[in-house]
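Chemist: Can you look at this prediction? I've put the sequence above it.
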Amino acid sequence: MNYYDVTVPAFIRILSQTHRWFDKAKAHADQKKYDVNVLLPARLAPDQFHFARQIQGLSDQIKGAVARLAGVQPPSFEDNEKTVDELRARVDKTIAFLKTLKPEQFQGAAERTITLPFIPGKGLKGSDYLTVFVLPNVYFHATTAYAILRHNGIDVGKADFIGDLPLFDVPKSA
């Protein structure tokens, strides 16, 4: 299996779901007559990253992961978003980057040695990097961002996290 197939489409999907969360947060804020941007510093625990940083972390994990697996440089974002609209734009920039990648760039990704700047002198095989580090981190940041909104009264549910399923009709067996 090509690692493009298990990363890029799934990551575009979860990033796209954040737009549903932003929309629901905005609708809730409008209904309750508060500025939706007050949610950006919200967190679940005092020692945990806030909502804006969770979205930034989601973006960073995804763009860094696919870039490393594809053997290209990821774009650099400043982590300076101060509004939901700016976070939405960051998500869109991340999706745009993902859409520039091609499956052939991921050839050999499972065996590629991946190094991380915060663990100097160490490396991971691409397969371990993806399954042990990237996937848990991506879904950790997504889940935590979602949970922060939920904790603050935003009416998001499992369908807002997972999104629409690509269902099709199954022929009846004879």
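Modeler: In hand now; what should we look at?
Chemist: On the three-state scheme, the residue nearest the centre of the chain is what?
Modeler: By C-alpha atoms, centre = their mean, the mean C-alpha position of the chain lies nearest to Leu58, the distance being 3.9 Å. Following DSSP: H, G, I helix; E, B strand; the rest coil, we place Leu58 in the helix state.
Chemist: ok, the closest residue to it other than its chain neighbours - how many residues close by?
Modeler: Of all residues not flanking Leu58 in the chain, His141 sits nearest, at 4.0 Å (C-beta to C-beta, 6 or more residues apart in numbering). Quick note: C-beta positions are derived from backbone N, CA and C, even for glycine. By the measure other C-beta atoms under 10 Å, the count of residues near His141 is 22.
Chemist: from now on call the first residue 678
Modeler: Okay, using 678 as the starting number, the last item reads as His818.
Chemist: Now the helix ranked longest in the chain: average pLDDT?
Modeler: Counting residues, the longest helix found in the chain (DSSP state H) is helix 680-709. The pLDDT scores in helix 680-709 average 97.
Chemist: So which residues of the chain form helices?
Modeler: 680-709, 728-747, 761-775, 803-805, 812-828, 835-839.
Chemist: Pick the most deeply packed of these.
Modeler: Highest mean neighbour count among these (mean count of other C-beta atoms under 10 Å): helix 728-747, with a mean of 23.
Chemist: What angle do helix 761-775 and that one make with each other?
Modeler: Helix 728-747 and helix 761-775 are oriented at 10 degrees to each other (axes from the mean of the first three to the mean of the last three C-alpha atoms, to 10 degrees).
Chemist: name the helices or strands packed onto helix 728-747?
Modeler: Helix 728-747 sits against helix 680-709, helix 761-775, helix 812-828, with contacts defined as 3 or more C-beta pairs under 8 Å, 6 or more residues apart in numbering; DSSP states H and E.
Chemist: where's the first one relative to the chain centroid, distance-wise?
Modeler: For helix 680-709, the distance from its own C-alpha centre to the chain's C-alpha centre is 8 Å (C-alpha atoms, centre = their mean, to the nearest Å).
Chemist: how about the nearest residue to Ser804, chain neighbours excluded?
Modeler: Ala787 is the one closest to Ser804 (C-beta to C-beta, 6+ apart), at 4.3 Å.
Chemist: isn't that neighbour right up against Tyr681?
Modeler: No: using C-beta atoms under 8 Å as the test, Ala787 is too far from Tyr681 to be in contact (11.7 Å).
Chemist: who's in contact with Phe726?
Modeler: Residues near Phe726 by C-beta atoms under 8 Å, 6 or more residues apart in numbering: Arg720, Gly734, Thr821.
Chemist: whoops, I mixed them up, Ile732
Modeler: With C-beta under 8 Å, 6+ apart, Ile732 has these contacts: Thr695, Glu758, Leu764, Arg767, Val768, His818, Ala822.
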